[in-house]
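Engineer: Structure for this input, please:
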Amino acid sequence: MNPIDNPYTPGAGTQPHELAGRDELRGSLSITIARIMRAKPAKSMLMVGLRGVGKTVLLEQMRQDVEAMGAHTIYVEAPENRSLPSLLSPQLRLALLKLSRLEQSKEAATRALKALAGFARSLKVTFNDIEVGFDQEPEAGLADNGDLEADLTALMVETGHAAKAGKTALVIFIDELQYVQTEQFAALITALHRCAQLKLPITLVGAGLPQLRGLAGNAKSYAERLFNYPEVGALDEESAKKAIVNPAKDEDVDIEEAAVKEIISKTQGYPYFIQEWGSNTWDLAEDNPITRDDVINSTDLTVAQLDESFFRVRFDRLTPKEKDYLYAMAKLGAGPHRSGDIAESMQKKVNEVAPVRNSLIKKGMVWAPNHGDTAFTVPLFDEFMLRIMEE
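Structural biologist: Now for the predicted structure:
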């Protein structure tokens, strides 16, 4: 096959040719946006899932979907070392400047920009990574108390009034939400709750690892009533087949049924792995149609590429003790595993390895599906650990 025509797109957050299996989630968000534009109640959405299931890709597609509905959006990714105010402030400024250009929302947006100026100045001491331009002078008493929860709530309320005046909605997209610190997450939840009470057209669409559910509940007890938590997982067989077959078909290339089944078996339906296997199989295949042998011939190369990119970048962040812990997990199988079983396999007591487990949770490498259980957040990472450690 001509590599220039390769329709598969492995990469971090790269939009695939066929976004299969996600129509229900996209439709659900469309309903939410339509409702809040009519001042009807609707829950915000926090999507949870393992690495490699396409959460980032889905967020971007959803952003495009809601903008096509006439909503305004802001999009941020939450890294481990940045504060939420520093991420939101510049994006809120851009959204408010757009609203200030609409005649019907100009006055409300100008007031919201004053609130943003007060918010940023008052919290600059606490969050010294806030960098945002000021388009209006702050108004005394407006979002400038220096208390994150109160000030963010005031800022979001003013922004909500601006969106309402503009007969639109503001949708906040945040990726990797599990990295937002608890007190900052709590402030955001409080602000969203107040906007919902006032029927203001602001909603959050977040994405993160499975522990996000627990983090939201720990931040605010009423979070379970404020959010829906749809799970983004591996594709079912029919959706995986579409993700494999349709991109090739659009290039007038067929894939034999046995080849499709082989890719699904190798990837377990995880979207990122499908893109990797599809891309390498395409490049190595010499004739149309693509066969099962082509898939098998691409496996060593695909596994090596995943090891050096998708898996290795996470492995290299680990301390020796963390590597030992994950290796012990891997030897027990894919999981989840009881923490006691992992400790026993390391010939340690649970309390001895508990700090290592907590560190791995903070790094987003493992999570606790149930109390006392531990599971990988990265699909097939157990197989990688066995390969890399035994080498």
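
Engineer: Could you report the separation of Ala334 from Asp373?
Structural biologist: The gap separating Ala334 from Asp373 is 13 Å, by CB to CB, to the nearest Å. No exception for glycine: its C-beta is placed from N, CA and C like everyone else's.

Engineer: Kindly apply the preceding question to Leu235 instead.
Structural biologist: Leu235 is 25 Å from Asp373, where distance means CB to CB.

Engineer: So for the two, which sits in the more crowded spot?
Structural biologist: Set side by side, Leu235 and Asp373 show more neighbours around Leu235, with 23 against 16, by other CB atoms under 10 Å.

Engineer: you'd agree the more buried one is up against Asp23?
Structural biologist: No - Leu235 lies out of contact with Asp23 (CB atoms under 8 Å); the separation is 12.0 Å.

Engineer: low-confidence ranges in this protein?
Structural biologist: 13 (pLDDT under 70).

Engineer: centroid residue for it?
Structural biologist: The residue lying closest to the centre of the chain (CA atoms, centre = their mean) is Ala207, at 3.2 Å.

Engineer: That one - that's part of a strand, no?
Structural biologist: Yes - counting by DSSP: H, G, I helix; E, B strand; the rest coil, Ala207 is found in a strand.

Engineer: Which residues belonging to stretch 120-137 are considered buried?
Structural biologist: Within stretch 120-137, the residues that qualify as buried by neighbour count (16 or more other CB atoms under 10 Å) are Ala120, Arg121, Ser122, Leu123, Lys124, Phe127, Ile130, Val132, Gln136.

Engineer: ok, now stretch 248-262?
Structural biologist: By neighbour count on 16+ other CB under 10 Å, the buried set for stretch 248-262 is Ala248, Val253, Ile255, Ala259, Val260, Lys261, Glu262.

Engineer: for that stretch, the distance to its chain's centre please.
Structural biologist: Relative to its chain's centre, stretch 248-262 lies at 30 Å (CA atoms, centre = their mean, to the nearest Å).

Engineer: how long is that stretch from one end to the other?
Structural biologist: By CA to CA, to the nearest Å, the extent of stretch 248-262 from end to end equals 16 Å.

Engineer: For this protein, just list every one of the strands.
Structural biologist: Along the chain, counting by DSSP state E, strands occupy 44-48, 72-77, 170-175, 202-208, 227-228, 337-338, 366-367, 373-376.

Engineer: Same list, the ones you listed, but as a markdown table with distance to Cys195 please.
Structural biologist: Output for these, formatted as a markdown table (distance: least, CB to CB, whole Å):
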| stretch | distance to Cys195 |
| --- | --- |
| strand 44-48 | 10 |
| strand 72-77 | 14 |
| strand 170-175 | 9 |
| strand 202-208 | 5 |
| strand 227-228 | 13 |
| strand 337-338 | 41 |
| strand 366-367 | 29 |
| strand 373-376 | 34 |
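
Engineer: Measure how buried Thr299 is and give me the count.
Structural biologist: 15.

Engineer: and if you look at Glu80?
Structural biologist: Glu80 - counted by other CB under 10 Å - has 12 other residues nearby.

Engineer: I figured it was touching Tyr179, is that so?
Structural biologist: Yes - with contact defined as CB under 8 Å, Glu80 reaches Tyr179; the gap is 4.9 Å.

Engineer: burial of the nearest residue to Asn370 once chain neighbours are set aside, as a residue count?
Structural biologist: The shortest distance from Asn370 to any non-neighbouring residue, by CB to CB, 6 or more residues apart in numbering, is to Pro336 (7.5 Å). When neighbours are counted by other CB under 10 Å, Pro336 registers 18.
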